[in-house]
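Enquirer: Sequence and computational prediction follow.
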Amino acid sequence: MAEHYYAVNKSSISGTIIEHTLGPYRAHVREDSDLVIFSFSGEEVYFTGTSRTTEVHEREQDDHVVQTITIEELRPYPEERRLSVLAGSLEKVYRFLEPSRHFQRRPIIRLTEQDYVTIAKNTIDVYRSTFRILFESLPVGVQADFIRLHLDVFPWDRDGRIHTYRELAPLLVKFYRTEVSSPLVLLRDFAVVHEKFSQRLEANTEQGRTLDIRNLVVGAQETRNFIGFGSVAQEAAELMRSNGLFAETLGNPMLLQEAEAQLRDAPAEVNSWNDPISW
Amino acid sequence: MERSDFLVALSDASRGANSFLNAQGRSWLATIIAGQDEDAEEIDIDRVFELLCYFKFLDTLTPHVQNLRLIPGDGRRTGYRFPYGPGNKENFAFFRFQKDNRSYDICCGTALTDRDGEKVHPDISLQRGTWNSTADKSVGQVIAIWDGKFHESRFSKDDLYQMNWWTDVLNLPAYAAADILTQLFPEELQASAVITNAASADVNVKQLLRKRFSIIFNFSTVDQVTLPTRAEHMANGPQPAPPAEPVNIREFIESLND
């Protein structure tokens, strides 16, 4: 194995040569490094194969250092790896809902050995992926609430970092089902009932006054605190209809249910982590 | 589902949830989800459930009544407002309707006065009155009350204590054949009740019959069940007083002389 690892955008390779301008946030590529080649298709990143640097020459050009990197012939993977599948298993990634941003701006990105092997072996960590994707989608206040409720599981007494997601991932799925799904189901039901009621009222009232749900407000007179309840209920109903996390229609079980099944059948964790709870 | 397909789908769905949950102006949903606020100024999931119950009731009575309309509260802002905490009837919106030339209000969480002059706040109350205008928002005669109880898990018997108290301190009329409740609602809603989303559990039906209220389990689902039923309440109606023992006047006078 090499000592250094990089991901290289295929569009920056010409034959077996890469021209690479160094800068403050750019990788300083070394000889005999292992490379993973990737390419973009829309927003998705595909890892297509591997290579290795054989020579690296540097020259000054317009006050910058430019590297000319010679690489071996590309060795394509038997099948491409998708970043959206591997994102939760890579140390490099912390924008779990937009992992492609880590690969967008620079042609060459430094990788750890663990990430290189993960991509090469296409090894998925279901525990970390599930936890990180779901956790990222929650508002900060709710994230804090999850942490507060599970203080005994988080490793605060050691170094405050997460080394394994095996216990955390099922807890977060359960939290999502009870604490997030339930209000949304209620709001959806409310929106549906309100819509039905308004239609009936319109048909039965001589004045024809309709009750547009968007105008529905709940509040406390004493505190002058009012909430646009109707509009949020309507949007929650839309979210429930459109979002796979909460879909409960026949033949289309919600993804949270699938997450439970995936975690049940997941292999033991291959890697250990050193993640903060939030970046 | 293939593991790779699952992660792509989870990622897509989470982005959708994230854009909804984090959007500006919806931070209150986080409050609902957190559900831990102690100062009772924020809406929580129980209040959402109570509003759902209220509109379910409105939906069921709409075909059976005349001139159903919203009576807005006296607050400065326009629109219709419902309380998410105990409040006075005149301050919040409620619905008023006619049935057979009599007026009724169906209110959401606003105050009633019990027989000792204390205020109580059931989640839903049906009131009969003789209100002359929409400006008249006085509390009418209470016909029936309902109390919503949302549960993440199982039904709790604690839910019954408040209703138990209310049925004692409010002079609710006895159920009678063809009363207004039978004319407005389907059978499962024709009695004062605790309403819950929780699955049915063992309860002391005899005590519920004595106190003249029911529990509606699995509300608004196909598994909804009401215990005891309206028919059981009717069968258990007010018992006639036992006939007095005949008095033997001679024995009575003699007992006075002993």
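Expert: Great, that's in hand.

Enquirer: Could you list the low-confidence segments of the stretch 101-250 of chain A?
Expert: For the stretch 101-250 of chain A, the stretches flagged by pLDDT under 70 are A:156-158, A:204-211, A:214, A:218-227, A:248-250.

Enquirer: One more: the stretch 1-150 of chain B?
Expert: Per-residue confidence for the stretch 1-150 of chain B (pLDDT under 70) gives these ranges: B:23-44, B:75-80, B:84.

Enquirer: show me where it has strands.
Expert: Defined through DSSP state E, counting those that start in this stretch, the strands belonging to the stretch 1-150 of chain B, from first to last, are B:66-71, B:80-83, B:94-99, B:102-108, B:112-113, B:119-120, B:124-129, B:141-149.

Enquirer: hmm, the longest helix along chain A touching chain B?
Expert: Longest helix of chain A, by residue count under DSSP state H: helix A:182-204. Yes - in this structure, helix A:182-204 sits against chain B according to CB under 8 Å from any CB of the partner chain; the contacting residues are A:182-183, A:186-187, A:189-190, A:193-194, A:196-197, A:200-201, A:204. (C-beta placed from N, C-alpha, C; glycine too.)

Enquirer: Can you pull the residues of the stretch 1-150 of chain A lying near chain B?
Expert: Within the stretch 1-150 of chain A, the positions near chain B by CB under 8 Å from any CB are A:82, A:84-85, A:87-88, A:96-98, A:124, A:126, A:129-130, A:133-134, A:136-139, A:141-142, A:145.

Enquirer: Now restrict the residues you listed to buried residues only.
Expert: When burial is judged by neighbour count using 16 or more other CB atoms under 10 Å in any protein chain shown, the buried members of the residues of the stretch 1-150 of chain A next to chain B are A:82, A:84-85, A:87-88, A:96-98, A:124, A:126, A:129-130, A:133-134, A:136-139, A:142, A:145.

Enquirer: so of the residues you listed, which ones are in strands?
Expert: When those are checked against strands using DSSP state E, the ones located there are A:R82.

Enquirer: Tell me what B:K119 is bridged to.
Expert: For B:K119, the beta-bridge assignment (DSSP bridges) gives partners B:T113.

Enquirer: repeat for A:I17
Expert: Beta-bridge partners of A:I17, counted by DSSP bridges, are A:S14, A:T70.

Enquirer: How about the contacts made by it?
Expert: Counting by CB atoms under 8 Å, 6 or more residues apart in numbering or on different chains, A:I17 makes contact with A:T68, A:I69, A:T70, A:I71.

Enquirer: Show me how to select, in PyMOL, the buried members of the residues you listed.
Expert: Typed into PyMOL, the next command selects the buried ones out of the contacts of A:I17 (criterion: 16+ other CB under 10 Å):
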select buried, chain A and resi 69+71
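
Enquirer: re earlier: redo the strands of the stretch 1-150 of chain B as JSON lines? Include mean neighbour count.
Expert: Output for those, formatted as JSON lines (neighbours: other CB atoms under 10 Å in any protein chain shown):
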{"stretch": "strand B:66-71", "mean neighbour count": "16"}
{"stretch": "strand B:80-83", "mean neighbour count": "23"}
{"stretch": "strand B:94-99", "mean neighbour count": "20"}
{"stretch": "strand B:102-108", "mean neighbour count": "21"}
{"stretch": "strand B:112-113", "mean neighbour count": "16"}
{"stretch": "strand B:119-120", "mean neighbour count": "14"}
{"stretch": "strand B:124-129", "mean neighbour count": "21"}
{"stretch": "strand B:141-149", "mean neighbour count": "23"}
